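> heads up, no residue letters with this:
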């Protein structure tokens, strides 16, 4: 009726009658459109089935009762299917026992809520082979009702194995860096921290999470050292004069505000074009070593000065002994009053000089020290009383003495001399008046505690009294500060 051609089939049938000339032809016209549609559907279904069968993705079609309606060859292979299995539960028997609850939950969620989902799980074949599968489940509906679902399966064993090897390699590298005794830090060309191992955390007190991704100079270098460190990093990363290896020492700041001296060896990495990609620094904390070296050098200087002092003192002592004998001999004579007075003054001078020589010999460690038990607080009170009478009225003395028992074994004369010298120096620094503070505390040194720059390394574990003398004066010139413990050093 609409003018479109209609495919048909025409069949003619000859029908004879009893009459000699009697015969008729019957024509049968048949509409072939339904046959052609059916044939096309069958052809399409065959192609689709062939596609599903040979696809490199496993496909399993199930109804809501978990009966398998269709499965392709890929699914048969990866699930190690038994040909007699007609239900999904039978098919999924090869799913690893630890992963089976998650797979069941995924399928149940799809059939009950109509929600698609996916997960990665293992299957164990009958020969013991273990495969990793990416398993996706999608529901299909008829008139808005879920009547089944399609599972697609992809073998990702090779990918998972490669990822596992990569993770294992990374974990091994991480463990190697973290168990190394040395500090390991990696920075990018912008001087931001890429890696900060456990040794770095232990030395600085910073966590890697607090440092990684942040500028090295701003977080780990003391403020007064940043200009120097920036120049060194610029030289290390200069593309024109790029040195791939080198060594140096620098200071690092710690979380509690202290400094640590680090000896570094670095390696710079570059790409094929010669552009810097990263710099790896391997460091050793040499703080205690440098302190010890400084103390040893100081000890060597003291020993050398002590030897010189002992020699000079010995010669002076011999001379003064001779002079004293002569003076004593003269004193036994009949002398007038003026001569006897002059002689007494000379003898007193000889005695004071001999005491000075005794102090020199004590410094040189050749004279015995008369150590005895002494109450530190009581001795400080005694000396402070004397000093208060000697100091100007505009200088006050403030005592902050610990309440604990402070009995120590020490040479009282040396203690008094040290305290008096410190107090006099403080007085000289307060020409316009001020406050001299003498304080004591009791500190314990443990055998396993970290080294402290204030504590000599040779002190055994135990309790010690710490005396501090401070003033509100002008302070010590930085150029003189490093010499304050040198023997006979003075600015007067």
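Received it, and whenever you're ready, just let me know what you need. Please read these numbers as outputs of a predicted model, since none were measured by experiment.
> Which residue is the nearest non-sequential neighbour of residue 125?
Among residues not flanking residue 125 along the chain, residue 80 sits closest, at 4.2 Å (Cβ to Cβ, 6 or more residues apart in numbering). The way it works is simple: take the backbone N, C-alpha and C, and place the C-beta from them, glycine included.
> Just to check, the one you found is in contact with residue 133?
No - look at residue 80 against residue 133 with Cβ atoms under 8 Å: they stay out of range, at 11.5 Å.
> where do the contact lists of the two overlap?
Counting by Cβ atoms under 8 Å, 6 or more residues apart in numbering, the residues touching both residue 80 and residue 133 are residue 123.
> out of these two, which sits in the busier spot?
Remark: of residue 80 and residue 133, residue 133 carries more neighbours, 25 against 16, as counted by other Cβ atoms under 10 Å.
> Please identify the buried residues of the strand or helix carrying the more buried one?
For residue 133, the host element (DSSP states H and E) is strand 130-142. Of all the residues in strand 130-142, those buried under the rule 16 or more other Cβ atoms under 10 Å are 131, 132, 133, 134, 135, 136, 137, 139.
> same deal with stretch 105-119?
Using 16+ other Cβ under 10 Å as the test for burial, stretch 105-119 gives 106, 107, 110, 111.
> Return the distance of the residue nearest to the third one when sequence neighbours are not counted relative to residue 148.
The shortest distance from residue 110 to any non-neighbouring residue, by Cβ to Cβ, 6+ apart, is to residue 137 (4.5 Å). Taken as Cβ to Cβ, to the nearest Å, the spacing of residue 137 relative to residue 148 amounts to 11 Å.
> Any idea what residue 185 is bridged to?
residue 196, residue 281 (DSSP bridges).
> check contacts around it.
With contact taken as Cβ under 8 Å, 6+ apart, residue 185 is in contact with 193, 195, 196, 197, 200, 216, 280, 281, 283.
> neighbours around the third one, how many?
With neighbours defined by other Cβ under 10 Å, the count for residue 196 comes to 27.
> Check what pLDDT it gets.
We have a pLDDT of 87 for residue 196.
> Please work out the average pLDDT along the helix or strand harbouring residue 105.
Using DSSP H and E, the element containing residue 105 is helix 100-113. Averaging pLDDT along helix 100-113 gives 89.
> For the helix or strand just after it, give the mean pLDDT please.
Once the chain leaves helix 100-113, the next helix or strand it forms, by DSSP H and E, is strand 117-124. For strand 117-124, mean pLDDT rounds to 91.
> relative to strand 130-142, how tilted is strand 117-124?
Here strand 117-124 runs at an angle of 140 degrees relative to strand 130-142 (axes from the mean of the first three to the mean of the last three Cα atoms, to 10 degrees).
> by contact count, what packs against strand 117-124?
Judged by 3 or more Cβ pairs under 8 Å, 6 or more residues apart in numbering; DSSP states H and E, strand 117-124 is in contact with helix 100-113, strand 130-142.
> Now do the last one: which elements does it pack against?
Translated: strand 130-142. Right, strand 130-142 is packed against helix 100-113, strand 117-124, strand 145-155, helix 157-179 by 3+ Cβ pairs under 8 Å, 6+ apart.
> Contacts for it, please.
With Cβ under 8 Å, 6+ apart, strand 130-142 has contacts from 58, 78, 96, 103, 106-107, 110-111, 114-125, 146-157, 159-161.
> Spatially central, which residue of this protein would that be?
residue 201 (2.9 Å; Cα atoms, centre = their mean).
> what sits against it?
When contacts are counted by Cβ under 8 Å, 6+ apart, residue 201 touches 207, 208.
> picking up where we left off before, which SS class is the residue nearest to residue 125?
Using DSSP: H, G, I helix; E, B strand; the rest coil, the structure places residue 80 in coil.
> Let the chain start at 39 from now.
Will do, 39 is the new start, and the previous item becomes residue 118.
> Quick check: it vs residue 500, distance?
Using Cβ to Cβ, one gets 73 Å for the distance from residue 118 to residue 500.
> tell me how far whichever helix or strand the residue nearest to the centre of the chain is part of is from the chain's mean position?
For residue 239, the element it lies in under DSSP H and E is helix 236-242. Centre-to-centre, helix 236-242 and its host chain are 5 Å apart (Cα atoms, centre = their mean, to the nearest Å).
> List the buried residues of that helix.
Buried, per 16+ other Cβ under 10 Å, within helix 236-242: 236, 237, 238, 239, 241, 242.
> Quick check: what element follows it along the chain?
As assigned by DSSP H and E, the chain's next helix or strand after helix 236-242 is helix 246-249.
> remind me which residues of the stretch 189-338 of the chain are low pLDDT?
Across the stretch 189-338 of the chain, the ranges flagged by pLDDT under 70 are 203-219, 277-282, 333, 336-337.
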